[in-house]
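1. below is the sequence, then the predicted model.
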Amino acid sequence: MKYAINLFPHSKHHTIERLKYFGTHYLRFLLVITQLIVICVFMYRFSIDQQIVDEKQKLSQKLAIIEATKTLRADLEKKQTSIKQIQMIFTMQDVWRDQVTYIRSVFPKKATLKLLTVNEKSIQLSGSTDTRLIVQQLYQKITNEKKFKSVKLDQFTRDVDGMYQFTITMEGYQTAVKPTKS
């Protein structure tokens, strides 16, 4: 015969004692872990809030820079338009200088230039000479060189002194210098 002898006393634990044991041993770890999680969430939230504040400050600084440079940009745009206008004026002056230089180079020395009118579209020159051959040579030279789209002999008369009075109108000067438009 065998007997099973249990030398340890059989303890009867009541549910209240079991809850006390669980609360003292295991529940405190759950509370500590929960508190750590809550602290981590708060820290994360604080860091996100700080990033939001930093971004708002950066935005306000950039807006202040934009506001401060508005007058500079307006002045720059005004200066750019005035520079473009000046360049256009210089180009027009170059074209007119080329036209006058060309007229001076082809105008015969035996003729007298009385009036030279230069505008944007045409050049009109009036002069006098003692022979009509000079006027004919001048007209042919201007038309043969094709610096102008059209050349017209508007007036050709002989006055009482025997001098020939002439007026030539030239339109559409063709040059390598192109006027810029803005």
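-> Yep, it's here. Bear in mind the structure is a predicted one, so any value in this text is a computation, not a measurement.
2. only C-alpha atoms from now on, for both contacts and neighbour counts.
-> Noted.
3. which helix or which strand is home to residue 117?
-> strand 112-118 (DSSP states H and E).
4. what mean pLDDT would you report for stretch 147-166?
-> The average pLDDT within stretch 147-166 is 89.
5. end to end, how far does that stretch reach?
-> 20 Å (Cα to Cα, to the nearest Å).
6. equivalent analysis for stretch 125-141, please.
-> With Cα to Cα, one end of stretch 125-141 sits 15 Å from the other.
7. chain center to it, what's the gap?
-> 51 Å (Cα atoms, centre = their mean, to the nearest Å).
8. so what touches it?
-> 106-108, 110-117, 151, 153, 162-169 (Cα atoms under 8 Å, 6 or more residues apart in numbering).
9. out of those residues, which are buried?
-> 107, 111, 113, 151, 163, 164, 165, 166, 167, 168, 169 (16 or more other Cα atoms under 10 Å).
10. host element of the spatially closest residue to the third one that is not a sequence neighbour?
-> It stands for residue 113. In space, and not counting its chain neighbours, residue 113 is closest to residue 127: 4.3 Å by Cα to Cα, 6 or more residues apart in numbering. If you go by DSSP H and E, residue 127 is part of strand 122-129.
11. could you redo the buried ones among the contacts of stretch 125-141 as JSON lines and give each row secondary structure?
-> Below are these laid out as JSON lines (DSSP: H, G, I helix; E, B strand; the rest coil):
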{"residue": "107", "secondary structure": "coil"}
{"residue": "111", "secondary structure": "coil"}
{"residue": "113", "secondary structure": "strand"}
{"residue": "151", "secondary structure": "strand"}
{"residue": "163", "secondary structure": "coil"}
{"residue": "164", "secondary structure": "strand"}
{"residue": "165", "secondary structure": "strand"}
{"residue": "166", "secondary structure": "strand"}
{"residue": "167", "secondary structure": "strand"}
{"residue": "168", "secondary structure": "strand"}
{"residue": "169", "secondary structure": "strand"}
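12. helices of the protein, start to end?
-> 15-22, 28-106, 132-145 (DSSP state H).
13. average pLDDT for the second one?
-> Within the predicted structure, the mean pLDDT of helix 28-106 is 92.
14. angle of it against helix 132-145?
-> 150 degrees (axes from the mean of the first three to the mean of the last three Cα atoms, to 10 degrees).
15. and the angle from helix 28-106 to strand 122-129?
-> Using the same axes, to 10 degrees: helix 28-106 against strand 122-129 is 20 degrees.
16. please identify the buried residues of stretch 90-99?
-> Here stretch 90-99 shows 91, 92, 94, 95, 96, 98, 99 as buried, counting by 16+ other Cα under 10 Å.
17. my error: substitute stretch 129-140 in the last question.
-> Result for stretch 129-140 [16+ other Cα under 10 Å]: buried residues 129, 130, 132, 134, 135, 138, 139.
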